[in-house]
Structures are given as C-alpha cells and as structure tokens.
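**Q** Sequence first, predicted model second:
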Amino acid sequence: MRILGIESSCDETAAAVVEDGHRLLSNVVNSQIDIHAVYGGVVPEVAARSHIEVINPVINQALTEANLTWDDIDAIAVTYAPGLIGSLLVGTLAARTLATLKNKPLYPIHHVEAHVYANFITDQSNSVNLTLPSKQPTFPMLALIVSGGHSQLVLFKDHGDFELLGQTQDDAVGEAFDKVAKILGLPYPGGPSIANAALEGDPYAYQLPKAKMQGAYDFSFSGLKTAVLRAVQREVGVDTTFPSRELAALLSDTQKVNFAASFQRVAIETLVDKAEAAFKDHSPASVVIAGGVAANQELRRQLSERLPLSIEYAPMSLCTDNAAMIGTLGYYYAQKKQPTAPVDVEVVPSLSMTKTVWA
C-alpha cells in the first residue's frame, strides 16, 4: 500500500511516498528556515504564504522522485493538528482537493504522534539515501517526544493504543533552546546553534537547576530558561532589569559556549532522568526518541549510556518536520480506521495526542 504524506504544520512544506508503513520511496522537504531566520522565529503569515507557493510543486516532486503516478497511490495522509492554523489549512486544502479529484482515501494525521513513526521507516528506494534503523521498534514502546512545541513521554502498547505518561507543564524543551539561544546571541534555529556552541564549552562551567515536578514524568523548562537569564545577568554585572536582547553583546565567546554547554547538559539530563524513570517503571521492549530535538547528539549519547538496551535512532532529517512520518503513520491508520471524507477534515491548531481519531 502506497501512501502520499503531506506535512505543512509549521514552516516546512513536505511530501513523501511511503510503502507498507516502512519503505520510503521519496521524501521532499522545502524549508523556510532562511526566510524566518531574519525575524528570529517563525512568522505565521509568512509561513502560510510560502506553503501556498510551493505545496503543489513539492507534491509533484515527491511523485516524480518515487517514479510513480497518481494511479500508483492508494491513499493520502495529511497533518491536520496541531500547528499554525494558516499552515495547516494550506496542507489540508491541498490534500482534500487531491483526494476528491483523484478519488483517494484520506487520513488526517496528528503531527506529534507521527514524529514517533519516523522510527518505523527501515527501508528505502534507490532515490533515497538515509541511514535507517535495521528493524522497527517493538511494543510495548516508550517514546520520548521532544520538539519546539512538545516535550512528553508516551507509552505505546500497540498502534493507536498509547498512554501519555507525562509532559511539559510550561515551555517545551525546543522552545527553551530557542529562547536561550536568543539570550546568548546565537542564530535561529536555537537547537542546532546551542548544540554546536556546546561542543566548544564546559558543561559544568555554570550550575543550573533542574525543576522538581509533582508528576513523576512531567517536565518544566521555564525555570531553567530563567535561571540562564539570571546567571548571564550576574556574569556580566547587570541587574535583572537589563534587557535580555542586549546581554549577548556583553558576553565573551568563551562565556557564550560555556553557557550553551551548561544549559544543554541540564536540559538533556532532565529529559533523560524522566525517560530512565519511565523505563524502570514500565519495562518497555523498545525506546525511541522523536521530534526535532531528537536530532541532538548529546541526547542520543546520554540515552544510550543510561538505558540498558540498544536504541536505534532515526536519521536526523526524519527527526525534524517531514512528510515521511505522516505517510508512515497513515499506513497504520489505514489498517485500523476508515478514511475521512475530504469535506469533513478540519484543522485543529492545538490538540493533544489523546484526542486523535484513534480515540
């Protein structure tokens, strides 16, 4: 079964073709990073306009690279939640229109749940060149989902059968990376910038706190972000009223990389501490990480070091937003659920995984 996946929840316009839930035939991503870097973050209206310009060429390119025509496509899967409303509307409108014109079943997909399914891609056509896991994860599966908008631990018993163990109570870890990068004067996006700077820094140069949460598997990163701000203000000798946007100019390169390394260490340790606790309590057969922050090498290193099982990681290009994960999850939806009529697909900018169509 060949699924065309379409993803446009934020600032990437993507389309991919996935066969039988594990074989990637094409994977096309049009990134807007250069556009939004000028503003230091994603501008929703600009993102939506860019999606409109490229959505059809991206879909056509995915079919071309897969060496397929519409006759070869069995269904369409598209992100409908969560995300920026304007961006979601562009992708879902394209999918609804194509499903109607081409008479294809349509499956609306939850973006965050789909991130987990990047780990289920284990094979590829000759047109794709990625280092993929050798086998799919087995259930029960513990998933650490970490991105700019989400930080949560989810226990999967089967496809569509999962329990949300814990989640962030304020900032997501990726959001904290972006905000700390701004304080340190590092370029957008903050995750890769912090990670690169941390390679040159001392992760123990500054002592930063870990949040203590009532929920055993819940996260908090707002306090850590504020602690970095206050530590930087102390380091350069200004009071708490000094504007954060002006701090970077007062920091030396050494201070910047040391703050980056210290922040990254504590942020990653916070994630791994919770994942390790969940692993000990629930004894999953496999562990996966998903979302943009899953590309962080320090996170991969710490998890592999602290968990007593072998972890195979998805390639970094499948950790950030892409349509391969949408098409993959779409295949498993198609095994258990009826398609949704195109006219009934509505976007939901904010929607928990626990409220998906599996429920």
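**A** Structure's in. What do you need?
**Q** Closest to the centroid, which residue in this structure?
**A** Nearest residue to the geometric centre of the chain (CA atoms, centre = their mean): Gly291, 2.4 Å.
**Q** tell me the pLDDT at it?
**A** Confidence at Gly291, expressed as pLDDT, is 93.
**Q** okay, now the domains of the protein?
**A** Following automatic domain parsing, one gets these domains for the chain: 2-133+316-355, 141-306.
**Q** quick one, strands of this protein?
**A** Along the chain, the segments classed as strands by DSSP state E run 2-7, 12-19, 23-31, 75-81, 106-110, 123-124, 141-146, 151-158, 161-167, 286-290.
**Q** Compile those into CSV and extend it with columns for distance to Arg230 and mean neighbour count.
**A** (Glycine included, C-beta is placed from N, CA and C.) Below are the strands of the chain laid out as CSV (distance: least, CB to CB, whole Å; neighbours: other CB atoms under 10 Å):
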stretch, distance to Arg230, mean neighbour count
strand 2-7, 38, 28
strand 12-19, 34, 29
strand 23-31, 34, 22
strand 75-81, 36, 27
strand 106-110, 37, 26
strand 123-124, 47, 17
strand 141-146, 24, 26
strand 151-158, 22, 21
strand 161-167, 26, 17
strand 286-290, 30, 24
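**Q** Gly330 is nearest to which of those strands?
**A** Closest to Gly330 of the strands of the chain is strand 75-81 (CB to CB; 2.6 Å).
**Q** To Ala341, which of the strands of the chain lies closest?
**A** Nearest of those to Ala341, taken as CB to CB: strand 106-110 at 7.6 Å.
**Q** Strand partners (parallel or antiparallel) of that closest one?
**A** Note on strand 106-110: by DSSP bridges, its sheet partners are strand 75-81 (parallel).
**Q** what inclination does the partner strand have with respect to strand 2-7?
**A** 20 degrees (axes from the mean of the first three to the mean of the last three CA atoms, to 10 degrees).
**Q** what's the offset of strand 75-81 from the middle of its chain?
**A** From the chain centre to the centre of strand 75-81 is a distance of 16 Å (CA atoms, centre = their mean, to the nearest Å).
**Q** now swap in stretch 196-207 and tell me
**A** 24 Å.
**Q** Quick one: end-to-end length of it, please.
**A** 20 Å (CA to CA, to the nearest Å).
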